[in-house]
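**Q** Sharing a model prediction with you, sequence too.
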Amino acid sequence: MNAAPLSGLYAPSLALVTDLYQLTMAYGYWQQGLQDREAVFHLYFRKAPFQGGYAVAAGLALAVDWVENLQFSDDDLAYLGSLRGSKGGAMFPPEFLRYLREMKFTCDIDAMPEGTVVFGNEPIMRVRGPLLQAQLLETALLTLINFQTLVATKAARIREAAGPTDQILEFGLRRAQGFDGGLGASRAAYLGGGDATSNVLAGQRYGIPVRGTHAHSWVMAFESEVQAFSAYAQAFPDDSVFLVDTYDTLEGVRQAIHVARDMRAKGHELAGIRLDSGDLAYLSREARAVLDEAGFTETRIVASNDLEENLITSLKQQGARIDTWGVGTQLVTAYNQAALGGVYKLAALRKADDSGWDFTIKLSEQVAKTSIPGILQVRRFLNEHGKARADMLYNTAEDLPIHLILIDPADSTRRLPIRPETQYRELLEPVFRRGQRVLDLPTLAESRALAQREVQALDPSVRRFLNPHTFPVGLEMGLYEYRTRLILEKRPVRPA
Ligand SMILES: Nc1ncnc2c1ncn2[C@@H]1O[C@H](COP(=O)(O)OP(=O)(O)OP(=O)(O)O)[C@@H](O)[C@H]1O
Ligand SMILES: O=P(O)(O)OC[C@H]1O[C@H](OP(=O)(O)OP(=O)(O)O)[C@H](O)[C@@H]1O
Ligand SMILES: O=C(O)c1cccnc1
């Protein structure tokens, strides 16, 4: 299947997909002459979603498309010019709007490739460039990366439950958060491990295989199940999956077999049946037995009905004979976690006299929520089998010692020394340099394959759903010490 070209998804520009405060800050920076001060922001989440042990990074290709098309149109500027403050004055003066019109994107962006396994506090993306521009990217980057990463992670978990060979069909469009939510979810669901979608626009736009069965209405539109199934087989003799639960599931299976025999006499095979209600473990076992006994051993059993990873795991434990999982609502809405809490934090600012960097920090009552200063990179150390062993966050603006020690930012007594010969790879890759794209984006299918390799390479203890093991992510000792000093420096000390 050819992937449709992604470019142009957000053309003409969607520059106004932003929060007003990005534009008010941009105006303020411009007024203060700070617009070109070099800044570094990191985009990261703090805790993996679904109480899981990992996330699958996704959304970069959409972010690239949005950034490449970023331009304020005449209509955008006219609208911004029409905005009024509470005293009725223009919110943005014409000179600033002219500045926005002529602004050329010149940032550097580094990011984890889509499909990379990522853990809490690790930058998925790093933006470096003029303060005003880097600030203006915040909302759209978060919108795109948060949702894509959330749904890709949900899909990876569903893949984990279904196992490597079962088929996963994403059926969620009708239950999605609007058209764009549905479209984005179909993309992320495929990237994270789905096999196909029922969403035809996602098929056209992203080259995702489209698949499906038929609805109850089809059966109800005929006088009997046999008539309904026969008619469907006439339309799609080699691609029929009959929904058998409209009246009585096991009776429906028998009717499906009746029609399948006729099909076979004409040289066609029934592709599958679908179960959509009742006890899916029991019904699938019974259906399998009846189909096998009738000689339809290759006919697949599709199940749907509010499925998600825990239910799929349970059904497998109950000996369900389901080989294709139709998953809708729970996948596209990431049902048990409404959003990934990814944030975009300023981490470095060039000194006013250009003599170096000021590294910046956002304090929090909880150390875990305190941001990490520096111009960060994530180094993934590998064991002798090439599997991820531990990740290190470090400041690329400082030299690294030969003997590296990782410190758990949540518990500084937990330390992991790294042997100098340990293999590693750097997770953030250059995507833009001075506003020009320097990376050829992989196809969606390639990102999907990467996601599967990455998740498979994780230890099962990190992948499990219940109380997963925490993958070690540490700060390089120098960075840890610098951050601690900065916290102490910035935190007000009040005597008791
Ligand atoms: N063997 C099973 N073990 C655990 N959960 C199951 C099992 N079989 C089905 N389920 C799940 O139980 C939930 C309820 O299914 P059930 O068919 O009883 O209700 P329903 O969705 O209201 O049915 P209907 O569509 O007929 O109204 C669904 O999420 C379904 O996937
Ligand atoms: O359960 P989900 O994971 O959200 O999967 C999508 C659901 O959408 C359909 O139901 P619906 O009742 O809308 O239509 P139908 O007549 O095709 O069953 C389908 O039968 C699934 O149950
Ligand atoms: O093709 C299907 O079976 C399908 C499509 C959307 C929603 N539920 C089922």
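**A** Perfect, I can see it now. Numbering: from 1, shown residues only. Ligands and ions are numbered 1, 2, ... in the order given.

**Q** Please work out how many residues are found near D399.
**A** The burial count assigned to D399 is 7, neighbours taken as other Cβ atoms under 10 Å. From N, CA and C alone the C-beta is placed, and that goes for glycine too.

**Q** Return the residues in contact with it.
**A** Contacts for D399 (Cβ atoms under 8 Å, 6 or more residues apart in numbering) come out as none.

**Q** Which of the three states applies to it?
**A** Secondary structure, DSSP: H, G, I helix; E, B strand; the rest coil: D399 is coil.

**Q** And the residue of the stretch 251-400 of the chain found nearest ligand 2, how close does it get to ligand 1?
**A** Using Cβ to the nearest ligand atom, G328 is the residue of the stretch 251-400 of the chain that sits closest to ligand 2, at 2.6 Å. In this view, G328 and ligand 1 are 11 Å apart by Cβ to the nearest ligand atom, to the nearest Å.

**Q** Ligand 3 contacts on the stretch 101-250 of the chain?
**A** F171, S198, G212, T213 (Cβ under 6 Å from any ligand atom).

**Q** I'd assumed L243 was in contact with the last one.
**A** Yes. The criterion here is Cβ atoms under 8 Å, and T213 meets it with L243 at 5.7 Å.

**Q** who touches both of the two?
**A** Listed as contacting both T213 and L243 by Cβ under 8 Å, 6+ apart are R274.

**Q** ok, those two, which is more surrounded?
**A** L243 (26 against 23).

**Q** Show the model's pLDDT score for L466.
**A** pLDDT for L466: 97.

**Q** Tell me how many other residues crowd it.
**A** 8.

**Q** Kindly provide the distance from it to Y344.
**A** To Y344, L466 is 31 Å away according to Cβ to Cβ, to the nearest Å.

**Q** Would you mind listing what in the stretch 51-200 of the chain touches ligand 2?
**A** Close to ligand 2, as judged by Cβ under 6 Å from any ligand atom, the stretch 51-200 of the chain has residues F171, R174, R175.

**Q** residues near the last one, how many?
**A** Translated: R175. Each residue near R175 was counted by other Cβ under 10 Å, and the total is 17.

**Q** Now it. Its backbone dihedrals?
**A** Taking degrees, to the nearest 10, you get phi -110, psi 10 for the backbone angles of R175.

**Q** What residues does it make contact with?
**A** G328, T329, V332, T333.

**Q** Those residues also near ligand 3: which ones?
**A** G328.

**Q** Show me the shaky parts of the chain.
**A** Scanning the chain for pLDDT under 70 picks out 1-11.

**Q** Break it into its domains for me.
**A** The record's domain parsing of the chain by automatic domain parsing lists 5-151+338-367+425-470, 163-336.

**Q** As a markdown table, the residues of the stretch 101-250 of the chain next to ligand 3 with secondary structure and distance to V378 would be great.
**A** As requested, these are exported to a markdown table (DSSP: H, G, I helix; E, B strand; the rest coil; distance: Cβ to Cβ, whole Å):
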| residue | secondary structure | distance to V378 |
| --- | --- | --- |
| F171 | coil | 35 |
| S198 | coil | 36 |
| G212 | coil | 39 |
| T213 | coil | 42 |
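
**Q** Could you point out which of the residues you listed is nearest to L441?
**A** Of all those, S198 has the smallest distance to L441: 25.7 Å, by Cβ to Cβ.

**Q** What is the neighbour count of that closest one?
**A** Using other Cβ under 10 Å, S198 has 19 neighbouring residues.

**Q** try A185
**A** Other residues close to A185 by other Cβ under 10 Å number 32.

**Q** who's in contact with the residue of the stretch 351-496 of the chain found nearest ligand 2?
**A** Closest to ligand 2 within the stretch 351-496 of the chain is F465: 18.0 Å, counting by Cβ to the nearest ligand atom. F465 is in contact with F50, Q51, G52, R157, E160, A161, E309, N310, T313, counting by Cβ under 8 Å, 6+ apart.

**Q** in a strand, that's where the fourth one is, yeah?
**A** This points to R157. No. Counting by three-state DSSP, R157 falls outside a strand, being helix.

**Q** List the residues that contact it.
**A** Counting by Cβ under 8 Å, 6+ apart, R157 has contacts F50, G52, E309, F465.

**Q** Let's have those residues in a markdown table, adding secondary structure and distance to ligand 1.
**A** Formatted as a markdown table, the contacts of R157 follow (DSSP: H, G, I helix; E, B strand; the rest coil; distance: Cβ to the nearest ligand atom, whole Å):
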| residue | secondary structure | distance to ligand 1 |
| --- | --- | --- |
| F50 | helix | 17 |
| G52 | coil | 20 |
| E309 | helix | 12 |
| F465 | coil | 15 |
